[in-house]
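1. After the sequence you'll find the predicted model.
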Amino acid sequence: MRLTKFSYYALRVLLYLQSHPEGLSTIADIANRNRVSKGHLMKVVHKLGRAGFIETMRGRRGGLRIARSAHKIPLGYLLRETETAFESADPQMRWQALESMASSAILGEILDQCRSAQLSVLDRFTLADLCTNDELKVERQHTSRKARRNMLASDTKSRWATYESWGQ
């Protein structure tokens, strides 16, 4: 699976914002840290803001901050918002491109199933799975002990169910 630079930069922006929750960050900060063009990041930040992943404040004292907890940002959902390659091809275009093949309908079905399988795996993981423990310390300080225990219990149960289904 290949990600576009756009999706890769979106992940980098969110990881940066997750690791700097103490205030507002700027596009310049993120661009300098990741050695990425500000122009590219402006497009990425605009898309992330419209999709609700980040909050943006305009003006002289403006900036960016992550809008949701890293535990609430599934990677599959993020990539559906940022990757154009996951969009299903127009059926008419698919037929025209594959019309010389007798089994074009079967191939189209197989490709759709592959895309669905990739996204279902990505849906099992969140942005928090990509963060280091240091990046999550601040978030954990703001989460009650009972809420953390409940999150851990539900996460463990869902992962065990996933592992058990692989063995069958």
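-> That came through, no problem.
2. List the contacts of the closest residue to residue 72 other than its chain neighbours.
-> If the residues on either side of it in the chain are set aside, residue 72 comes closest to residue 126, at 7.0 Å by Cβ to Cβ, 6 or more residues apart in numbering. Placement of C-beta: from N, CA and C, glycine included. Neighbour list for residue 126: 70, 71, 72, 73, 74, 75 [criterion: Cβ atoms under 8 Å, 6 or more residues apart in numbering].
3. Try it again at 7 Å.
-> 70, 71, 73, 74, 75 (Cβ atoms under 7 Å, 6 or more residues apart in numbering).
4. Dihedrals phi and psi, it?
-> phi -120, psi 170 (degrees, to the nearest 10).
5. Same question for residue 54.
-> phi -130, psi 160.
6. sorry, back to before: closest one of the contacts of residue 126 to residue 46?
-> residue 73 (17.5 Å; Cβ to Cβ).
7. what's the burial count for the residue lying closest to that closest one once chain neighbours are set aside?
-> Excluding its sequence neighbours, the residue lying closest to residue 73 (Cβ to Cβ, 6+ apart) is residue 127, at 4.1 Å. Residues lying near residue 127 (other Cβ atoms under 10 Å) number 23.
8. cool, and residue 29?
-> Residue 29 has 15 nearby residues by other Cβ under 10 Å.
9. and it, which of the three is it?
-> Assigned by DSSP: H, G, I helix; E, B strand; the rest coil, the conformation of residue 29 is helix.
10. what sits against it?
-> Here residue 29 is in contact with no residue (Cβ under 7 Å, 6+ apart).
11. can you rerun that using 10 Å?
-> 16, 17, 20, 63, 64 (Cβ atoms under 10 Å, 6 or more residues apart in numbering).
12. now residue 23
-> 63, 65.
13. Residue 52 too?
-> Per Cβ under 10 Å, 6+ apart, neighbours of residue 52: 67, 68, 73, 81.
14. Just the pLDDT at the first one, thanks.
-> Spelled out, it's residue 67. Here, the pLDDT recorded for residue 67 equals 91.
15. would you turn the contacts of residue 29 into TSV with pLDDT, secondary structure and distance to residue 56?
-> Formatted as TSV, these follow (pLDDT from 0 to 100; DSSP: H, G, I helix; E, B strand; the rest coil; distance: Cβ to Cβ, whole Å):
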residue	pLDDT	secondary structure	distance to residue 56
16	92	helix	14
17	92	helix	11
20	84	coil	15
63	91	strand	8
64	93	strand	5
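16. Check the residues you listed and tell me the two furthest apart.
-> Pairwise over the contacts of residue 29, using Cβ to Cβ, the maximum falls at 16 and 63, 11.9 Å.
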